[in-house]
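**Q** below are the sequence and a predicted model for it; my questions follow.
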Amino acid sequence: MGLQNKTLPFAVLLASVLAVPAVAQQSAVFTNVDAAGDAVDDLEDDIQDEFAEARDSRKFGNGTGARGWYGSVSATANGTSGNSDTADLGVGARFGYGDGVNGHDFVLSYNYSEDDDESTANSLAAAYDYTRMFNRDFYGYGKIRTTYDEFSSYETDSFIGLGVGYRVVNTHDMTWSVQAGPGWRYAEVADDTLADDIDEVAGSLASKFYYELGNGMFLTNDTDIITSDADTSVTNDLGFNVSISGPLAMRTSLLTEYHSDPLDGYKKTDNTLGVSLVYSFK
């Protein structure tokens, strides 16, 4: 009877001692799970913030509405060897600054392709936009556009102008703005033609569309029309963006370039389909 009385407290004490590591281990497990969950939540918040900033940077079509600096860089490349040797390279950059009323937006892109050591595409495009909001939906703008294309009937094509714009749609998931105004166009024709260069008054019409699909995906479509007596050029850039992780996104785009009056021997339309990796920064 005495032995039993001594054994029982010892067993209780032993069980208590053995239970302490188990409880501590269980607590550590739950702590690790909570930490992992917090990390996932933080990552999701970062992704949402990145795409929210991407949306804000396009809120008025060209950066106005965003506060502070923003930007992104993108790149795509592929090549083949064997029966045919091909190479394709594309790089792009966009950055700007906004204070909520004034917006500055810069865009630069370059594309190059070759097939069996023969260049098949070589183009460069650059643009600058300044926007000032007059009220919630109405704004004024100034713009500069210039392009170089080795294989176009117009080797260089530049435009400078100003005008007014209006946000037709402005919801959390979708924005659409249109703008128009006068300007001046200067274009140099290809060296192998006898046509005169373009140097004349022109008009500009543009449309910028954004639609958020959810789950880190959004759709954009930018249309830019420059028209003058000699020719009307239309550029349409359709893009589908999917978030990968944090500031990284995958962009699939279709760029269409059209000239109403190309020179003899040149086609009216050029289409470029691309898949790029995009890194956004703030």
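**A** Alright, I've got the coordinates. Numbers count the residues shown, from 1 in each chain.
**Q** the nearest residue to residue 183 once chain neighbours are set aside: which element?
**A** Residue nearest to residue 183 in three dimensions, not counting chain neighbours: residue 161, with 2.1 Å by Cβ to Cβ, 6 or more residues apart in numbering. The C-beta positions use only the backbone N, C-alpha and C, and glycine is treated the same way. Element membership for residue 161 (DSSP states H and E) is strand 154-170.
**Q** what comes up buried for the following helix or strand past that strand?
**A** Downstream of strand 154-170, the first helix or strand assigned by DSSP H and E is strand 174-189. Residues 175, 176, 177, 178, 179, 180, 181, 183, 185, 186, 187, 189 are the ones in strand 174-189 that count as buried (16 or more other Cβ atoms under 10 Å).
**Q** residues contacting the fifth one?
**A** Taking Cβ atoms under 8 Å, 6 or more residues apart in numbering as the contact definition, residue 179 lies against 61, 139, 141, 163, 164, 165, 166, 204, 205, 206.
**Q** pLDDT-wise, what's the bottom of those residues?
**A** Lowest pLDDT among the contacts of residue 179: residue 61, with 42.
**Q** just the contacts of residue 179 now: which is nearest residue 73?
**A** Taking Cβ to Cβ as the measure, residue 73 lies nearest residue 61 of these, at 20.3 Å.
**Q** low-confidence bits of the stretch 101-250 of the chain, can you list those?
**A** Along the stretch 101-250 of the chain, the parts satisfying pLDDT under 70 run over 192-194.
**Q** please enumerate the strands of it.
**A** 102-115, 118-133, 138-149, 154-170, 174-189, 198-214, 217-227, 232-245, 248-259 (DSSP state E, counting those that start in this stretch).
**Q** export the ones you listed as CSV, with columns for distance to residue 74.
**A** Below are those laid out as CSV (distance: least, Cβ to Cβ, whole Å):
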stretch, distance to residue 74
strand 102-115, 8
strand 118-133, 13
strand 138-149, 18
strand 154-170, 23
strand 174-189, 21
strand 198-214, 17
strand 217-227, 13
strand 232-245, 10
strand 248-259, 6
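**Q** the ones you listed: which one's closest to residue 273?
**A** The nearest among the strands of the stretch 101-250 of the chain, by Cβ to Cβ, is strand 248-259 at 5.4 Å.
**Q** show me what that closest one is in contact with.
**A** In contact with strand 248-259 (Cβ under 8 Å, 6+ apart) are residues 50, 74, 149, 152-154, 216, 231-244, 266, 268-280.
**Q** pull out the buried members of those.
**A** 50, 74, 149, 152-154, 216, 231-241, 243, 270, 272, 274, 276, 278, 280.
**Q** buried residues in stretch 254-271, which are they?
**A** Result for stretch 254-271 [16+ other Cβ under 10 Å]: buried residues 255, 257, 258, 259, 262, 263, 270.
**Q** where is pLDDT lowest across the residues you listed?
**A** Lowest pLDDT among the buried residues of stretch 254-271: residue 263, 80.
**Q** tell me the bridge partners for the residue nearest to residue 183.
**A** residue 143, residue 183 (DSSP bridges).
**Q** give me every residue that touches it.
**A** 142, 143, 181, 182, 183, 184, 202, 203, 204.
**Q** how many neighbours does the last one have?
**A** The local packing of residue 204 (other Cβ atoms under 10 Å) involves 22 other residues.
**Q** where's the nearest residue to it once chain neighbours are set aside relative to residue 92, distance?
**A** Take residue 204 and drop its neighbours on the chain: the residue closest to it by Cβ to Cβ, 6+ apart is residue 161, 5.0 Å away. Distance of residue 161 to residue 92, given as Cβ to Cβ, to the nearest Å: 23 Å.
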